[in-house]
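Novice: Generate a structure from the sequence data that follows.
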Amino acid sequence: MKIRSIVGIVIVGIALSVVTIIITTNEPVDENRLRIAYFPNVGHIVPIVGIEKGFFVEEIGSEYVIETRLFDSGPQVIEALFADSVDVAYVGPGPAINGFLNSEKNDLKILSGAASGGASFIVHPDSDIITVSDFAGKRIAVPQIGNTQDVSLRHYLDVNGLKPAERGGSVTVYNISNPDTYTLFVKGEIDGAWVAEPWASILEMELGGTRLFHEEELWPDGRFASVLLIGSTSYTQKNLSATHNLLVAHDKTIQWINQNPKESRDIFNQFLTDTLGQPLSDKIVDAALSNLEITSDPIPESIHMFAKRADKLNYLGRNGYDLFSIFWHDNDPYNIIGGLTARGLDSSDTPHSMDSNSNPEGDT
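Specialist: Numbering: from 1, shown residues only. Okay, here's the model as predicted:
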């Protein structure tokens, strides 16, 4: 695959980050609307398939207008949610946690999971990286500072006795966009990249990279939340029925995707063609989907562990953090979330606040 085609898809996607697609079945009043944000990315296949198959309109009901808005980064989505231009969104755990902690009165909740896993470390074909001990002196690319892969890489370096160059270590970490990672990989100017799908499969299958490991191999039980469905608390409290129906549609879509992987791939690629002007190859999308677990489980233990790691990197501020009430179950009269136990927590789960003398790495 030519570099121009891959980068072109994402450049067009970035340009479309302000696009609004309105889906409606009649003429409801303006306040009866649901504005959903997501990325034109395979990890966000749930809203893509749910919209394209009509599951969302079918379950949410004709009295609501559904507006879908495409973005290219989590921080943009959180800003839009706080600006009241988005009601619910699909994002990674980093933006979800930061948004919850930084919002006034924690006006953001995790409604459900959407995907687990789907990130890998890919070694350049000319690099001699075989084990983590070979990371010393190497150039590694990850997306923006504070995103899931960035936190995971820096945690991985730390637990293996390595440091990034800016902290006096020997590992050069490039925080760059996925298209720029692709370009540097082509030029041989990086030794490896910690990236999400479909970029991991692109670097491996199109550019001859070696998949050193899947990130989920480093997590307890081989699972971690990589895409979450979040919502504005003010919106969900005012629109309990719509939120309930959204979650029904969300779960229905997940079941359908898992039962129909090839048709899901075709829907995703048609979406890319219609939205960005060009699809990915079927083999890339198939590989990317096979490396993702599409699930409604938000895997709460991974959210707490991710927050510990981000806090140790000073990404969550100086005053520690408290994730108590980050999940929507307290506002869920329909019990769609299933309560604490079904989401991996129990009644003994308590707020987690930390000070400078505490140990944030209890998971290691």
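
Novice: Check what pLDDT Lys187 gets.
Specialist: Per-residue pLDDT puts Lys187 at 98.

Novice: going forward, begin numbering at 46 instead of 1
Specialist: Shifting the count to begin at 46 puts that one at Lys232.

Novice: From Val240, how far off is it?
Specialist: 16 Å (Cβ to Cβ, to the nearest Å). Every residue, glycine included, has its C-beta placed from N, CA and C.

Novice: what does Lys283 give?
Specialist: Distance from Lys283 to Val240, by Cβ to Cβ: 38 Å.

Novice: more crowded one of these two?
Specialist: Taking Lys283 and Val240 together and counting by other Cβ atoms under 10 Å, Val240 has the greater number of neighbours (26 against 12).

Novice: contacting residues for that one?
Specialist: Ala164, Ser165, Ile167, Ala186, Val187, Pro188, Gln194, Asn223, Thr226, Leu248 (Cβ atoms under 8 Å, 6 or more residues apart in numbering).

Novice: Those in helices, which ones?
Specialist: Using DSSP state H, the members of the contacts of Val240 that fall in helices are Gln194, Asn223, Thr226, Leu248.

Novice: Please identify which of the contacts of Val240 is nearest to Ala355.
Specialist: Gln194 (12.3 Å; Cβ to Cβ).

Novice: How many residues are close by that closest one?
Specialist: Considering only other Cβ under 10 Å, Gln194 is surrounded by 26 other residues.

Novice: Report pLDDT for it.
Specialist: 93.

Novice: Correct me if wrong: it contacts Val187.
Specialist: Yes. Counting by Cβ atoms under 8 Å, Gln194 touches Val187, with 4.7 Å between them.

Novice: any shared contact partners between those two?
Specialist: Trp239, Val240.

Novice: now could you export just the CA positions of the longest strand belonging to the chain as CSV?
Specialist: Counting by DSSP state E, the longest strand found in the chain is strand 154-162. Presented in CSV, the C-alpha positions along strand 154-162 are these (Å, rounded to 0.1, in the frame of the first residue of the first chain):
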residue,chain,number,x,y,z
LYS,A,154,-19.6,9.2,33.2
ILE,A,155,-18.4,5.9,31.6
LEU,A,156,-21.6,4.4,30.3
SER,A,157,-20.2,1.2,28.8
GLY,A,158,-17.2,-0.5,27.2
ALA,A,159,-16.9,-0.7,23.4
ALA,A,160,-13.6,-2.5,22.8
SER,A,161,-10.7,-4.2,24.6
GLY,A,162,-7.2,-4.6,23.4
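
Novice: what mean pLDDT does that strand have?
Specialist: If you average the pLDDT over strand 154-162, you get 97.

Novice: now swap in stretch 317-337 and tell me
Specialist: 96.

Novice: what comes up buried for it?
Specialist: Judged by neighbour count using 16 or more other Cβ atoms under 10 Å, the buried positions of stretch 317-337 are 317, 320-321, 324-326, 329-334, 336-337.

Novice: How about stretch 88-107?
Specialist: Under 16+ other Cβ under 10 Å, the buried positions of stretch 88-107 are 88-98, 100-102, 104-105.

Novice: which stretch of helix or strand covers Ile81?
Specialist: Using DSSP states H and E, Ile81 sits in strand 78-83.

Novice: Quick check: mean pLDDT of that strand?
Specialist: 96.

Novice: I'd like to know which elements it is packed against.
Specialist: If you count contacts as 3 or more Cβ pairs under 8 Å, 6 or more residues apart in numbering; DSSP states H and E, strand 78-83 packs onto helix 90-97, strand 110-115, helix 119-127, strand 133-136.
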